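In: The following comprises the amino acid sequence and a computationally predicted model.
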Amino acid sequence: RLVNSTWWQRKIVALLHDPPDKVLDIPGHEKRARELVQKALKLPEEVLEEKWKKAKEADRIASALDRIPFPSKLTVECDRVIHPLSAQEHPIALPSADQRVTLQNLQNQVVESLIQGDDKTRFLRLWRLFQEHLEQKAPSISWALLPAETRMPDHPLMHHLRVTSAVAVLENPATLLFSIGPVQSFIFSARKTRDLLMGSFLISYLTWHAIKVIAEELGPDHLLYPSLLGQPFGELWLSGKKIVERLDPEKLRIATIPNRFFALVPADRAEELAKKAEKELKDEWKRLADEVWKLLTDDEVWKRIAVEIPEFQKAKEIWQRQIDQFPQIYWAIYRWEKTPEDIARQFRELTNSERFEKWIGQFKEMGRGWGINVGSVYAACYELTERALGARKTLRDFCDCSEPAGKCSLCGERQALSDLDAQVPRDWWN
C-alpha cells in the first residue's frame, strides 16, 4: 500500500499505453506505445510485461468510465472530433505515411527529453509536459482534441491516458468527495469588492492545501475534479519541483479552485488521506490567522492601548475562539464493490433505483456484457459518494461556543473583537 517507485512506474506505463497519435495511425499503435514506455523506463522485458498487463486492465476500466462499450469489429475512420455538448464537428487532417513516421520519431524524442530525475519526477513531467511539448513541436496537429475512441469522438485521448494512470495503481478503488464551507454566508459578509475577492480567494486557497495532499501522495491525475492540469496553484506546486517555470504571480490572485474536490483513491488509504487533507487545510488556516494576529499586535497603537487598558488583551480570546470555528469541513468516501453487478445492487438498496441493474441487463441481453466492468457504473459510484456527503452535511456539527452581544458589523453573527468591557477606541479597529 506504500507509494514507491513501482507505483510511479505503473503510472508511467499506463500514461503511455497508447501513443498520442494513436487515432492517426491505429495499426501498430501498441508497438509504438511499448517503444515509448521503454524509452521512459528502460525496464527488463519481463518487468515491463507485468506492468503492461496492469495498464491494459486499467485501460478497460478507464475506457468504461469514458464511454459505453463498442463491438471490436465496428470501425470508423478518425476524421473528426465532435463536441460532447454542442455536437459541433472539428475536422482532423489525416497524415501521410511519411508524416506518420515523423510523428512517431517526434513522440520518441519528446519522451526522451522529459525523462529526468526519479520515477515520480518522470511521471509528473510526462503528465504535465508531454502534450505541451508535442503542441510546440507539431502545432499543425490538434493533440488536445485527438479522440480516445474514433467511434465516439467526444473525449480526448490525452484525458483518457491521465485517467488510466490513476486507475492503474488502484487494486481496490474508492472515491473521496471533500468539501469546505460555509461558502455563501462567508462571502456574503463582504461589504467591499476587495472583500468579495479575498473571501473567494481564501476558500480557493485553503481547498488547494487539501488537494495538495492527494496530488503529493498519489499524483495529480487522481484529482478527477477539479483538474490540476494548467491550474495556477498546481503550476505553483510543480514549479517548486522544477517541473515548470515559475508562474506569473498575477495568475495566483484569482480564485480558480472550487470549495470541493473529487478524487480517485486507494480504498485502504481513503480515510487516512481525507484526515490528512483536513489537517493540512486547518494547519494552513491557523498559520494565516497567526500571521494576521502578529501583524495586528505589532502595531504601535495596539501596543500602547494594551499597556493602558489590560482588558484589551481579551480580544485574543475572542479571536482564537472564532478562528477555531472556521472552516466547516465535510468529506465522504465510497469504497467500490468488486463487480459492477454488486455496485448496481448496492445502488438499488440505497436509493431504491434499479436503473444501473437494468442498464447492465440490457447490455448482456445484446451480447455485449464483455465490455462491462466497474468503470461502467462510475456514475453510480459518483452518485453514492455525493449522497453520502449530502447526508453528512445534513448531520450538522453543533458548536457550544457562545457569541455574546456586541456583534460584528459585517456578518452580524460573531462577537466583535472590540466588544470589551473597557472603552477601547473604536477608531483603531476601523
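Out: Happy to help now that I have it.

In: ok, how many other residues are close to K407?
Out: K407 is surrounded by 14 other residues when neighbours are defined as other Cβ atoms under 10 Å. All C-beta spots, glycine's among them, are computed from the backbone N, C-alpha and C.

In: do the one 3 residues further on as well
Out: L410 is surrounded by 14 other residues when neighbours are defined as other Cβ under 10 Å.

In: show me the contacts for it.
Out: For L410, the contacting residues are S189, A190, R191, taking Cβ atoms under 8 Å, 6 or more residues apart in numbering as the criterion.

In: export the residues you listed to JSON lines and tack on pLDDT, neighbour count and distance to H209?
Out: Shown next, in JSON lines, are the contacts of L410 (pLDDT from 0 to 100; neighbours: other Cβ atoms under 10 Å; distance: Cβ to Cβ, whole Å):
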{"residue": "S189", "pLDDT": "80", "neighbour count": "16", "distance to H209": "22"}
{"residue": "A190", "pLDDT": "79", "neighbour count": "16", "distance to H209": "22"}
{"residue": "R191", "pLDDT": "81", "neighbour count": "10", "distance to H209": "27"}
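
In: Could you export stretch 232-248 as PDB, keeping only the C-alpha atoms?
Out: Coordinates of each C-alpha in stretch 232-248 appear next as PDB, following Å, rounded to 0.1, in the frame of the first residue of the first chain:
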ATOM      1  CA  PRO A 232      -2.400  28.100 -11.200                       C
ATOM      2  CA  PHE A 233      -2.000  26.500  -7.800                       C
ATOM      3  CA  GLY A 234      -1.000  23.200  -9.400                       C
ATOM      4  CA  GLU A 235       1.500  25.100 -11.600                       C
ATOM      5  CA  LEU A 236       3.000  26.700  -8.500                       C
ATOM      6  CA  TRP A 237       3.300  23.300  -6.800                       C
ATOM      7  CA  LEU A 238       5.000  21.900 -10.000                       C
ATOM      8  CA  SER A 239       7.400  24.900 -10.200                       C
ATOM      9  CA  GLY A 240       8.600  24.100  -6.700                       C
ATOM     10  CA  LYS A 241       9.600  20.700  -8.100                       C
ATOM     11  CA  LYS A 242      11.300  22.300 -11.100                       C
ATOM     12  CA  ILE A 243       8.800  20.700 -13.500                       C
ATOM     13  CA  VAL A 244       7.600  24.000 -15.000                       C
ATOM     14  CA  GLU A 245       8.800  27.600 -14.900                       C
ATOM     15  CA  ARG A 246       7.900  29.900 -12.100                       C
ATOM     16  CA  LEU A 247       4.300  31.100 -12.500                       C
ATOM     17  CA  ASP A 248       3.200  34.700 -13.100                       C
END
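
In: Check which residues of it are buried.
Out: Neighbour-count burial for stretch 232-248, with 16 or more other Cβ atoms under 10 Å as criterion, is recorded at P232, F233, G234, E235, L236, W237, L238, I243, V244, L247.

In: With stretch 328-344 instead?
Out: Applying a neighbour-count criterion of 16+ other Cβ under 10 Å, the buried positions in stretch 328-344 are 329-337, 340-341, 343-344.

In: Relative to L146, which of these is nearest.
Out: Closest approach to L146 among these (Cβ to Cβ): P340, at 28.6 Å.

In: burial count for the nearest residue to the closest one once chain neighbours are set aside?
Out: Using Cβ to Cβ, 6 or more residues apart in numbering and skipping residues adjacent in sequence, the residue nearest P340 is V377, 4.7 Å away. V377 has 28 neighbouring residues, counting by other Cβ under 10 Å.

In: State the helix or strand in which the spatially closest residue to Y334 that is not a sequence neighbour lies.
Out: Across the structure, with Cβ to Cβ, 6+ apart as the measure, the residue nearest Y334 apart from its sequence neighbours is T385 (4.2 Å). In the assignment (DSSP states H and E), T385 maps to helix 378-394.

In: For the chain, which segments count as strands?
Out: Listed in chain order, the strands of the chain (DSSP state E) span residues 80-82, 89-91, 173-181, 223-225, 260-266, 328-335.

In: Could I get those strands in JSON lines, plus columns for distance to K56 and mean pLDDT?
Out: What follows is the strands of the chain, written out as JSON lines (distance: least, Cβ to Cβ, whole Å; pLDDT from 0 to 100):
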{"stretch": "strand 80-82", "distance to K56": "25", "mean pLDDT": "79"}
{"stretch": "strand 89-91", "distance to K56": "29", "mean pLDDT": "83"}
{"stretch": "strand 173-181", "distance to K56": "17", "mean pLDDT": "96"}
{"stretch": "strand 223-225", "distance to K56": "21", "mean pLDDT": "97"}
{"stretch": "strand 260-266", "distance to K56": "18", "mean pLDDT": "98"}
{"stretch": "strand 328-335", "distance to K56": "24", "mean pLDDT": "96"}
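
In: and the residue nearest to Y334, how far is that from A210?
Out: In this structure, T385 and A210 are 16 Å apart, going by Cβ to Cβ, to the nearest Å.

In: Closest one of the buried residues of stretch 328-344 to L176?
Out: Closest approach to L176 among these (Cβ to Cβ): I333, at 5.4 Å.

In: Who are the packing partners of the lengthiest helix in the chain?
Out: In the chain, taking DSSP state H as the definition, the longest helix is helix 270-297. In this structure, helix 270-297 makes packing contacts with strand 173-181, helix 193-217, helix 300-308, helix 315-324, strand 328-335, judged by 3 or more Cβ pairs under 8 Å, 6 or more residues apart in numbering; DSSP states H and E.

In: that older thread, using TSV, lay out the buried residues of stretch 328-344 together with distance to I26.
Out: Supplementary listing: those in TSV, determined by distance: Cβ to Cβ, whole Å:
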residue	distance to I26
I329	47
Y330	45
W331	42
A332	41
I333	39
Y334	36
R335	37
W336	31
E337	34
P340	28
E341	32
I343	32
A344	33
